[in-house]
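Here is a sequence with its predicted model. Questions after.
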Amino acid sequence: MDLIIEHRVDFDGIIRGLIVEKYLDENGRFYKTLGWNYGDEIPEVSEYEKIILTDICLPSEFMIENKSKIIWIDHHVSIRCKNGIH
């Protein structure tokens, strides 16, 4: 099962989350969707095969610890550079 974490207070994140849901549905993937915002509790993700982030970045420690499972969809260049991704 996959986890979609979408920026719950930003329409970019919500719409991208819906697009990812449609893609996963069409490809027979099971998933759960979680709305998340900066300052929220970090979710437990050990049970998920893939973590798909839409228009949001979780803390660096989370990103590094889960890097092999993360698919990150974000158009904010500054946040990618802050986390060492170019």
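Yes, it's here. Numbering: from 1, shown residues only.

Flag the shaky bits of the chain, pLDDT-wise.
77-86 (pLDDT under 70).

for it, what spans make up the strands?
2-7, 31-36, 51-54, 70-73 (DSSP state E).

How far off centre is the third one?
In terms of CA atoms, centre = their mean, to the nearest Å, the gap separating the centre of strand 51-54 from the centre of its chain is 2 Å.

Check the last one too.
Taking CA atoms, centre = their mean, the mean C-alpha location of strand 70-73 is offset from the chain mean by 6 Å.

Remind me what that strand packs against, helices and strands.
For strand 70-73, the packing partners by 3 or more CB pairs under 8 Å, 6 or more residues apart in numbering; DSSP states H and E come out as strand 51-54. Every C-beta, even on glycine, is put in place using the N, C-alpha and C of the backbone.

Identify all contacting residues around the strand it packs on.
Strand 51-54 has contacts (CB atoms under 8 Å, 6 or more residues apart in numbering) with 2-7, 12-14, 16-17, 20, 31, 45, 66, 69-74.
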